[in-house]
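A.B. asks: Need the 3D shape of this:
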Amino acid sequence: MATPEEKSSSSTQRIHCEHQMELLDFVAAKFHEEGGVFKLLIIDSIMALFRVDFSGRGELAERQQKLAQMLSRLQKISEEYNVAVFVTNQMTADPGAGMSFQADPKKPIGGHILAHASTTRISLRKGRGEMRIAKIFDSPDMPENEATFAITPGGVADAKE
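C.D. replies: Below you'll find the predicted structure:
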């Protein structure tokens with residue numbers, strides 16, 4: 001019989017980025033079994049586990065290599081099973097932005113590997129009141145542009161100025 005400490009440690013097991021890769025294998029197997037039922041794969045906060053598992057500049061190269069492997073796997077799943085892949089990411093303060101007079105001193109984490117693996121990148125930010133702003137800032141077939149919207153109890157709606 002397990003002690004309370006053993007029970008609590010087994011129920012609070014932390015997920016690592018390696019586990020995230022294993023989950024992609026599970027997802028691919030499910031897509032294969034179901035044969036075309038799924039059309040969208042969403043990964044929320046793709047960098048979160050990488051930032052925990054690899055901290056500091058000394059582990060940056062290994063982190064980026066693991067990230068590249070995951071992004072390659074996602075691209076293969078997307079192509080093989082004809083599903084769109086949507087990932088969310090975190091933003092961080094860009095300490096060098098003040099020197100270049102950028103309007104927004106934040107940048108997405110994940111570096112060039114994540115940026116180049118993404119086909120279209122959209123930045124979301126809060127506007128005035130309930131208004132939200134979506135900005136396309138990198139896309140091969142769409143110009144840079146912004147759209148405003150609101151999230152209401154009924155879902156996503158046009159923003160009221």
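
A.B. asks: List the contacts of stretch 133-140.
C.D. replies: Contacting residues not belonging to stretch 133-140 are listed as 115, 118-127, 142-149 [Cβ atoms under 8 Å, 6 or more residues apart in numbering]. For glycine as for every other residue, the C-beta is placed from the backbone atoms N, C-alpha and C.

A.B. asks: Mark which of those are part of helices, please.
C.D. replies: residue 115 (DSSP state H).

A.B. asks: In contact with the spatially most central residue of the chain: list those residues for me.
C.D. replies: For the chain, residue 88 is the residue whose C-alpha lies nearest the centre (Cα atoms, centre = their mean; 2.9 Å). Neighbouring residues of residue 88 by Cβ under 8 Å, 6+ apart: 42, 43, 44, 45, 46.

A.B. asks: and the top helix by length along the chain, which residues are buried?
C.D. replies: In the chain, taking DSSP H as the definition, the longest helix is helix 60-81. If you call a residue buried by 16 or more other Cβ atoms under 10 Å, then helix 60-81 has these buried ones: 63, 64, 66, 67, 70, 71, 73, 74, 77, 81.

A.B. asks: Tell me the one of these nearest residue 158?
C.D. replies: Closest approach to residue 158 among the buried residues of helix 60-81 (Cβ to Cβ): residue 74, at 32.0 Å.

A.B. asks: I'd assumed residue 25 was in contact with that closest one.
C.D. replies: No - contact status for residue 74 versus residue 25: not in contact, 11.8 Å apart, counting by Cβ atoms under 8 Å.

A.B. asks: on that earlier part again, will you turn the buried residues of helix 60-81 into CSV that also has pLDDT and distance to residue 134?
C.D. replies: Listed next are the buried residues of helix 60-81 as CSV, based on pLDDT from 0 to 100; distance: Cβ to Cβ, whole Å:
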residue, pLDDT, distance to residue 134
63, 83, 28
64, 89, 27
66, 90, 29
67, 90, 24
70, 93, 25
71, 94, 22
73, 96, 27
74, 96, 22
77, 97, 25
81, 96, 27
